[in-house]
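In: The following comprises the amino acid sequence and a computationally predicted model.
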Amino acid sequence: MAKITVKDTSVTIISVNANDYICLTDIARYKSDDPNAVIGNWLRNRNTIEYLGIWESLYNPDFKPLEFEGFRKEAGLNAFTLSSQKWINTTNAIGIVSKSGRYGGTYAHKDIAFKFASWISVEFELYIVKEFQRLKEEEQKQLGWSAKRELSKINYRIHTDAIKQNLIPAEVTAKQASIIYANEADVLNVAMFGMTAKTWREQNPDLKGNIRDYATINELICLSNMENLNAVFIDQKMPQGERLVKLNRIAIQQMQVLESSEERKLLK
């Protein structure tokens, strides 16, 4: 569930079968305090019925065309009325769904929701499309960060394996081994962030997680590279102090390249 604000109107977006569905009830509130009446008036429109029928025919193999034809013939008549629930139940439609509970209301696939917004107000439609696109861009950025964080975790396992094979004697206790792991993790933390995990926690007592959970995408890319390199350096029996200096120089160089690449993209 996500929310966007369009013309001072809060609009809820939910995921249905991996598709974005936007709350028609929220959109209708921009026009009236009686959103159900607004949706009902839109549904009884002949153009609306035809659009919904074509959409369902394209994306819904279980859509009932005969029942749709019945609605299409009646649409536009003075006595014709149609609710979202009646449309769903009669035609087996999937483009519109009704939800109950905390985030209850009538929702529609984004294609249909934008069509409804256009019927409400062309200006409102333009703003909701803009805000929806902004939301999707933010989600993509977050997905990118999450992917880089997972890559960092995978590379960290490679890193810890190199530590286990080369730096931890067979006779040490589990507690002693954990100290060695933490010490090597801090080699990367100091090289990348300029501080140990303990120092970061002391400086940020109100934040949850660890220093890497608050890294930027570029920092995570660089950190992943350094984990691999440090694993190689450990295999080569390179002393820790020498590894720290090398890794710090690599971190500075790679961050400069990554940051300058982003600047070039912005210039384009």
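Out: Done, it's in. Numbers count the residues shown, from 1 in each chain.
In: Could you tell me which residues within the one helix or strand Leu66 maps to count as buried?
Out: In the assignment (DSSP states H and E), Leu66 maps to helix 65-74. Going by neighbour count (16 or more other Cβ atoms under 10 Å), the buried part of helix 65-74 is 67-68, 71. Where C-beta positions appear, they are placed from N, C-alpha and C, glycine not excepted.
In: Is it possible to get TSV of those that adds pLDDT?
Out: Converted to TSV, those look like this (pLDDT from 0 to 100):
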residue	pLDDT
Glu67	92
Phe68	92
Phe71	92
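In: Asn248: which of these is nearest?
Out: The closest of the buried residues of helix 65-74 to Asn248 turns out to be Phe68 (Cβ to Cβ; 66.7 Å).
In: Can you classify the nearest residue to the closest one once chain neighbours are set aside as helix, strand or coil?
Out: Leaving out its chain neighbours, the residue that sits closest to Phe68 by Cβ to Cβ, 6 or more residues apart in numbering is Gly53, at 4.6 Å. Judged by DSSP: H, G, I helix; E, B strand; the rest coil, the three-state class of Gly53 is helix.
In: okay, stretch 213-220 in PDB with CA atoms only?
Out: The C-alpha trace of stretch 213-220 is given here as PDB (Å, rounded to 0.1, in the frame of the first residue of the first chain):
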ATOM      1  CA  ASP A 213      21.800  -0.100   6.300                       C
ATOM      2  CA  TYR A 214      22.200   3.700   5.700                       C
ATOM      3  CA  ALA A 215      24.700   3.500   2.900                       C
ATOM      4  CA  THR A 216      24.000   5.000  -0.500                       C
ATOM      5  CA  ILE A 217      23.700   2.900  -3.600                       C
ATOM      6  CA  ASN A 218      27.200   4.100  -4.700                       C
ATOM      7  CA  GLU A 219      28.600   3.200  -1.300                       C
ATOM      8  CA  LEU A 220      27.100  -0.300  -1.500                       C
END
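In: Show me what the helix holding Leu66 packs onto, helices and strands only.
Out: helix 46-59, helix 84-91 (3 or more Cβ pairs under 8 Å, 6 or more residues apart in numbering; DSSP states H and E).
In: what about those, which gets the closest to Val232?
Out: Proximity of the helices and strands packed on helix 65-74 to Val232 was assessed by Cβ to Cβ; the nearest stretch is helix 46-59, lying at 50.5 Å.
In: How far does stretch 221-238 sit from its chain's centre?
Out: From the chain centre to the centre of stretch 221-238 is a distance of 31 Å (Cα atoms, centre = their mean, to the nearest Å).
In: next one: stretch 26-46
Out: Offset of stretch 26-46 from its chain centre (Cα atoms, centre = their mean): 30 Å.
In: Check which residues of it are buried.
Out: For stretch 26-46, the neighbour count (16+ other Cβ under 10 Å) marks 26-31, 35, 38-44 as buried.
In: Now pLDDT, distance to Ser100 and secondary structure too, for those residues, in TSV please.
Out: Output for these, formatted as TSV (pLDDT from 0 to 100; distance: Cβ to Cβ, whole Å; DSSP: H, G, I helix; E, B strand; the rest coil):
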residue	pLDDT	distance to Ser100	secondary structure
Asp26	93	15	helix
Ile27	93	19	helix
Ala28	93	17	helix
Arg29	91	18	helix
Tyr30	89	22	coil
Lys31	89	23	coil
Pro35	92	15	helix
Val38	94	19	helix
Ile39	94	16	helix
Gly40	92	18	helix
Asn41	92	22	helix
Trp42	93	21	helix
Leu43	93	19	helix
Arg44	90	23	coil
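In: For my notes, please list these in CSV and give distance to Arg102 for each entry.
Out: Compiled in CSV, the buried residues of stretch 26-46 are given as follows (distance: Cβ to Cβ, whole Å):
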residue, distance to Arg102
Asp26, 13
Ile27, 18
Ala28, 19
Arg29, 17
Tyr30, 21
Lys31, 23
Pro35, 17
Val38, 22
Ile39, 20
Gly40, 23
Asn41, 26
Trp42, 25
Leu43, 25
Arg44, 29
